[in-house]
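Asker: From the sequence below, what's the structure:
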Amino acid sequence: MARTKRFARFLLPGLAFKAAVIGGGYATGRELATFFVPSGPIGGLAAMLLAMAIWSVVCAATFAFAHRTASQDYRTFFSNLLGPLWPTYEIAWFLALMLILAVYAAAAGAIGHSLFGWPELAGALLLTVMIAGVTAWGNYAVERLFKYVSILLYGTYAAFVVLSLTHYGDRIVGAFQAGGWQSGWAQGGITYASYNIIGAIVILPVTRHLTSTRDAVIAGMIAGPLAMLPAILFFISMVAWFPGIANEALPSDFLLERLNLPWFRILFQVMIFAALLESAVSGVHSINERVAIVWKARRGAELTPGLRVVITLGVLAVSVFVAGRYGLVALIAQGYSWLAAAFLLIYVLPLMTLGLWRLARGRIPPSSLPPHGVH
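Answerer: Next up, the predicted model:
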């Protein structure tokens with residue numbers, strides 16, 4: 001029991017954060033190709049370490065503020081942080097979630113087409129059904145998903161880098177020996193960290209396990225490395241084909257073809273699909289939990305699994321349409337930059353200034369939410 005409690009307090013938030021960011025952060029490698037490969041092998045790693053440090057610091061501050069204000073959903077969190085301006089976050093988050101889920105749907109469709117020759121819509125619909133199945137049962141099912149997918153994910157990425165080193169390690173070593181530190185590496189790291197850091201808000205429901213501000217800070221500092229380690233392993237494999245891999249729509253599939261191991265290609269794509277599932281689940285679950293609090297306040301009852309499914313399918317229907325309309329590469333290239341700017345402005349900047357000042361001075365205001373959760 002004590003071991004379980006320590007896991008829930010210190011590791012679960014980091015694993016949940018990893019779950020929230022991996023789908024839009026590096027599952028297919030497209031995001032790494034966009035934000036890190038252009039900086040070169042060394043510059044790319046430096047940018048990733050910068051992003052990891054930003055994640056740790058902001059996660060620590062987020063979890064501490066959430067614990068001190070009993071904010072286990074994004075609505076309560078931003079009511080305490082922004083006061084009457086809290087709806088600005090909700091508007092930005094809903095628009096962002098449509099974009100993020102569209103990226104996941106497009107990636108799932110690409111995986112289904114690559115492995116089985118399915119129409120791209122089929123993979124997206126399969127992802128939708130599985131998301132609805134997990135989110136229907138609330139916190140318990142979601143947290144179990146984070147735990148077991150993490151085992152698959154870390155193991156697969158570790159095997160991937162080992163196989164890459166044995167099959168084309170000379171290319172990897174050569175790329176790093178040649179160096180490569182392009183200007184703009186810091187901007188790539190900051191942009192990547194900024195649009196992904198919203199994951200710290202998405203996974204607020206798991207912070208209910210924290211027992212102190214110390215727990216929150218430790219869990220936050222651990223979250224950065226837990227989330228970035230698989231990306232670093234992936235990037236090391238990618239630099240073997242630098243710089244051409246930057247032009248691949250699905251770098252993961254490109255690398256798997258070079259390995260020429262059909263069994264591992266299937267395993268890796270299954271892992272990516274599982275990663276997309278847990279990322280999408282974390283986002284949709286945040287919406288469900290937001291609605292659940294208002295539902296309970298108004299009706300005095302828990303949100304039923306059936307209603308959770310209805311909400312999930314409504315959100316995903318819009319996202320699948322957007323994915324089919326614009327495609328994976330365009331969504332990442334055009335949508336993620338404005339996400340980074342928006343969340344820096346309405347989340348990171350207020351948290352790291354006003355939020356930290358309130359924590360340090362012990363001036364945590366009462367929630368500005370109206371009584372009985374009427375909004």
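
Asker: Which strand or helix spans the residue nearest to Leu313 when sequence neighbours are not counted?
Answerer: Nearest non-adjacent residue to Leu313, counting by Cβ to Cβ, 6 or more residues apart in numbering: Ala132, 5.8 Å away. The C-beta positions use only the backbone N, C-alpha and C, and glycine is treated the same way. Assigned by DSSP states H and E, Ala132 belongs to helix 120-135.

Asker: Report pLDDT for Val322.
Answerer: On the pLDDT scale, Val322 is placed at 65.

Asker: cool, the one 3 residues further on as well?
Answerer: In this prediction, Arg325 carries a pLDDT score of 64.

Asker: one step back: near the residue nearest to Leu313, how many other residues are there?
Answerer: Counted with other Cβ atoms under 10 Å, the neighbours of Ala132 add up to 20.

Asker: didn't it look like it was pressed against Ala317?
Answerer: No - contact criterion Cβ atoms under 8 Å: Ala132 and Ala317 do not qualify, at 10.9 Å.

Asker: where's the closest residue to Ala46 other than its chain neighbours relative to Arg298, distance?
Answerer: The shortest distance from Ala46 to any non-neighbouring residue, by Cβ to Cβ, 6+ apart, is to Trp185 (5.5 Å). Noted for Trp185: a distance of 50 Å to Arg298, by Cβ to Cβ, to the nearest Å.

Asker: out of those two, which sits in the more crowded spot?
Answerer: Looking at Trp185 and Arg298 with other Cβ under 10 Å, you find the greater number of neighbours at Trp185, namely 23 against 11.

Asker: tell me the contacts of the more buried one?
Answerer: 39-40, 43-44, 46-47, 50 (Cβ atoms under 8 Å, 6 or more residues apart in numbering).

Asker: if you set the cut-off to 6 Å instead, what comes out?
Answerer: 39, 43, 46-47 (Cβ atoms under 6 Å, 6 or more residues apart in numbering).

Asker: which one of those residues has the most neighbours?
Answerer: Ala47 (29 neighbours).

Asker: Chain neighbours aside, what residue packs nearest to that residue?
Answerer: Per Cβ to Cβ, 6+ apart, closest to Ala47 is Gly189, 3.5 Å.

Asker: quick check, distance from whichever strand or helix holds the one you found to the centre of its chain.
Answerer: Gly189 is located in helix 185-196, with elements delineated by DSSP H and E. In terms of Cα atoms, centre = their mean, to the nearest Å, the centre of helix 185-196 is set 14 Å apart from its chain centre.

Asker: any idea which helix or strand comes after that helix?
Answerer: helix 199-202.

Asker: need the helix or strand of this structure with the lowest average pLDDT.
Answerer: helix 328-343 (a mean of 67; mean pLDDT, DSSP states H and E).

Asker: list the contacts for Ala193?
Answerer: Taking Cβ under 6 Å, 6+ apart, one finds 51, 54-55 in contact with Ala193.

Asker: where's the residue positioned nearest the centre of the chain relative to Ser183, distance?
Answerer: With distances taken as Cα atoms, centre = their mean, the residue of the chain nearest its centroid is Val21 (1.4 Å). Applying Cβ to Cβ, the value for Val21 to Ser183 is 26 Å.

Asker: Surely Ser114 is in contact with Ser252?
Answerer: No - Ser114 is beyond contact range of Ser252, at 9.2 Å (criterion: Cβ atoms under 6 Å).

Asker: More neighbours: these two, which one.
Answerer: Ser252 (27 against 18).
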